[in-house]
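1. task: produce atomic coordinates for the following.
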Amino acid sequence: MIQPIKLTPAPEPPHPSRPRPADYADGFALNLIVSSDISALTLEFLKSLPLWAARLVALRNYLVAWTGLKAQPIKRELDEADLVPGADLGLFTCYGCGPDEVLLGQKERHLDFYTSLKLVPLTGSSQLQVSTWVYFHNPWGRAYFFFVAPWHRWIVRSMLERLAHRLIR
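-> Below you'll find the model as predicted:
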């Protein structure tokens, strides 16, 4: 049985270079029955991007090309060797990888965002917590994220649902 995805408050951001609170933060949690490690879960999560979301990313890349924002290609072929600080994972850069948490993100002119995938042990199971923090640099970042935020929430929830399906196969 697939566990429901829960919307949770985002914890304090794990990235120490941020002197101020995030302009936007959210969190999602998926209770896991199967045992896994955070690196494997992160890779499966990244591979769980639905086709419709990949098309939205392609549309985003097309629409912002004239602004000088970075095109964010989607990398489907990733392995644990890619999860090292500084590694380019396509949509994300890996900023850190520990025994129970992977920190991903992207720094742009208009905003920075960070996404944490954290494995939290529970009695007899574990929980994967996916948290996102966004920091706006200017009005363009705020306007950009106004349009992205609803899609972001839908995409993360969808990726977690797809991950859950992959884990029970």
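
2. mind checking pLDDT for the residue nearest to the spatial centre of the chain?
-> Residue closest to the average C-alpha location in the chain (Cα atoms, centre = their mean): Thr115, at 4.4 Å. With respect to pLDDT, Thr115 scores 93.

3. what do you get for Lys75?
-> 66.

4. cool, and Phe147?
-> We have a pLDDT of 92 for Phe147.

5. neighbours around it, how many?
-> 10 (other Cβ atoms under 10 Å). No exception for glycine: its C-beta is placed from N, CA and C like everyone else's.

6. returning to that earlier point: beta partners for the residue nearest to the centre of the chain?
-> Leu104, Thr132 (DSSP bridges).

7. which ones are touching it?
-> Phe92, Leu103, Leu104, Gly105, Val130, Ser131, Thr132, Trp133 (Cβ atoms under 8 Å, 6 or more residues apart in numbering).

8. can you turn the buried part of the residues you listed into a ChimeraX selection?
-> To isolate the buried subset of those in ChimeraX, counting by 16 or more other Cβ atoms under 10 Å, use the following:
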select :92,103,104,105,130,131,132,133
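
9. closest to Ala164 among the contacts of Thr115?
-> The closest of the contacts of Thr115 to Ala164 turns out to be Val130 (Cβ to Cβ; 12.1 Å).

10. can you give me the strands in the chain?
-> 5-8, 24-32, 93-97, 101-107, 111-122, 125-136 (DSSP state E).

11. turn those into TSV, columns for distance to Ala143.
-> Below are these laid out as TSV (distance: least, Cβ to Cβ, whole Å):
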stretch	distance to Ala143
strand 5-8	24
strand 24-32	13
strand 93-97	23
strand 101-107	17
strand 111-122	10
strand 125-136	9
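
12. partners of the helix or strand of the chain with the lowest mean pLDDT in the sheet?
-> Within the chain, no helix or strand scores below strand 5-8, which has a mean of 79 by mean pLDDT, DSSP states H and E. Using DSSP bridges, the strands paired with strand 5-8 are strand 24-32 (antiparallel).
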